[in-house]
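Undergrad: Here is a sequence together with a model predicted from it:
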Amino acid sequence: MKKYKFLLVLVAMSAALLTGCKEGDYQDQIPEGTVKFDLILNQGSCFVFTFEDPETGVWYISSSDGVTPRLDENGELYQQKEER
């Protein structure tokens, strides 16, 4: 019985090592060019940053709770006009 369990574990480990990981499809979804971003908060378990969508120029706020569009003082979508 001990040899059977050992053989089963050995086969499972070999299968896991031989199959490996394949490259994800997300690699193709990264837009070309540089994404602009600004770090807002990095304290303890709280991490908040903003980033710009290079296609539309709209800025978003991202945190552990999710992503939301950034708004300017008029309540419209924030788009930075000048270059950095």
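TA: Structure's in. What do you need? Residues are numbered from 1 along each chain as shown.

Undergrad: thinking Leu39 is in contact with Phe51, fair?
TA: No - applying CB atoms under 8 Å as the test, Leu39 and Phe51 come out as separate, 10.1 Å apart. No exception for glycine: its C-beta is placed from N, CA and C like everyone else's.

Undergrad: Do you have the helices of this structure handy? List them.
TA: Here the chain has its helices, by DSSP state H, at 2-19.

Undergrad: in it, which helix or strand is least confident?
TA: Ranked by mean pLDDT, DSSP states H and E, the helix or strand of the chain with the weakest confidence is helix 2-19, at a mean of 77.

Undergrad: Can you tell me which helices and strands it packs against?
TA: The contact analysis (3 or more CB pairs under 8 Å, 6 or more residues apart in numbering; DSSP states H and E) places helix 2-19 against no helix or strand.

Undergrad: Extract the C-alpha trace of that helix and format it as PDB.
TA: Output of helix 2-19 as PDB, limited to C-alpha atoms (Å, rounded to 0.1, in the frame of the first residue of the first chain):
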ATOM      1  CA  LYS A   2       2.900   2.300   0.800                       C
ATOM      2  CA  LYS A   3       4.500   1.700  -2.600                       C
ATOM      3  CA  TYR A   4       1.200   2.400  -4.300                       C
ATOM      4  CA  LYS A   5       0.800   5.800  -2.600                       C
ATOM      5  CA  PHE A   6       4.500   6.700  -3.300                       C
ATOM      6  CA  LEU A   7       4.000   5.700  -7.000                       C
ATOM      7  CA  LEU A   8       0.800   7.800  -7.200                       C
ATOM      8  CA  VAL A   9       2.500  10.900  -5.700                       C
ATOM      9  CA  LEU A  10       5.500  10.400  -8.000                       C
ATOM     10  CA  VAL A  11       3.300  10.200 -11.100                       C
ATOM     11  CA  ALA A  12       1.400  13.300 -10.100                       C
ATOM     12  CA  MET A  13       4.500  15.300  -9.400                       C
ATOM     13  CA  SER A  14       6.000  14.200 -12.700                       C
ATOM     14  CA  ALA A  15       2.900  15.200 -14.600                       C
ATOM     15  CA  ALA A  16       2.800  18.600 -12.900                       C
ATOM     16  CA  LEU A  17       6.500  19.300 -13.700                       C
ATOM     17  CA  LEU A  18       6.300  18.100 -17.300                       C
ATOM     18  CA  THR A  19       3.200  20.100 -18.200                       C
END
